[in-house]
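Participant: Generate a structure from the sequence data that follows.
(2 chains)
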Amino acid sequence: MKIATWNINGIKARLETALTWTADSQPDVLCLQEIKCVDDAFPAAAFEGLGYNVAVHGQKGFNGVAVLAKPRFDEVRPGLPGAPEDAQARYLEVTVSGSFGALTVASIYLPNGNPVGTEKFDYKLAWMDRLSAHARHLLGEEHPLVLAGDFNVIPEPLDARNPDKWAADALFQPASRARYRALVHGGYTDAIRACHAGPDVFSFWDYQAGSWQKNDGIRIDHVLLSPQAADRLAAAGIDRRTRGWEKPSDHVPVWVELDLG
DNA sequence: ATGCCTTGTCGCACAAGA
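Facilitator: Down below sits the predicted model:
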């Protein structure tokens, strides 16, 4: 069972790129973020043509998440619980099932939070608190569970080529990092770090200032596994080759392989 | 110090991203 996540930065601008990577990489489940379109505008038919079921939680112009899955959806739950007045489309949770049993996957687009000291940063921290509470709740189900997406958090200095540059940024604030740690320490495994302990493991390179050419990257796209999923972790990786393609997203796909049997 | 790019928008500049 291969599960991938990719902040696509606009599905309309990136459809051919997304289809090419998906057809080539054949994830069983693909979580997308920043689709930047409403539900009806998502090119569902193109992915259905590749054999995927499509779930979308969209928003006009900004944000928006989706899940594409080869197995059928048993349940589709849009929105992160805990704030019914929050209109930003940043969370979509599905349960799929098959011969492998039941698997829950969430596509997450955590708020950026910049600039620090504004209501945007407060929103980020509050959103992380809601995510932590919900993630704790989900562990009670005691079945394989994958939280995948753009967390907009650089967990450790090792996760940036130039950590000093990010010191004042919302992505690397102590308060952001502490909440990410609390989420993981609640019982999740950071799949990429479980498989790759060293430096130069990045998922994002800014469009500006030649960041890709200089490999000035950061690791902010994460895949967190419940204990029942972590026990089946076979491999994890980051597919950085897409960053060198024509008209790339500034993020690249991150994936895990689980031996669910 | 700021913008550097890129996307989507009731475009002809701007917000938002990271």
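Participant: Could you report the distance from residue A:189 to residue A:225?
Facilitator: Here the criterion is CB to CB, to the nearest Å. By it, residue A:189 lies 5 Å from residue A:225. The C-beta positions use only the backbone N, C-alpha and C, and glycine is treated the same way.
Participant: Give the residue from these two that has the larger number of neighbours.
Facilitator: The neighbour comparison of residue A:189 against residue A:225 (other CB atoms under 10 Å) goes to residue A:225, with 25 against 19.
Participant: I'd guessed that one sits against residue A:191; true?
Facilitator: Yes: assessed by CB atoms under 8 Å, residue A:225 is found in contact with residue A:191 at 5.4 Å.
Participant: picking that back up, touching both of residue A:189 and residue A:225, which residues are there?
Facilitator: Common neighbours of residue A:189 and residue A:225 are listed as residue A:233 (criterion: CB atoms under 8 Å, 6 or more residues apart in numbering).
Participant: can you pull out the strands in the stretch 101-250 of chain A?
Facilitator: Counting by DSSP state E, counting those that start in this stretch, the stretch 101-250 of chain A has strands at residues A:101-109, A:145-150, A:189-190, A:204-205, A:217-218, A:221-225, A:233-238.
Participant: Please tabulate the ones you listed in a markdown table, including the columns distance to residue A:171.
Facilitator: As requested, those are arranged in a markdown table below (distance: least, CB to CB, whole Å):
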| stretch | distance to residue A:171 |
| --- | --- |
| strand A:101-109 | 14 |
| strand A:145-150 | 10 |
| strand A:189-190 | 16 |
| strand A:204-205 | 9 |
| strand A:217-218 | 7 |
| strand A:221-225 | 12 |
| strand A:233-238 | 17 |
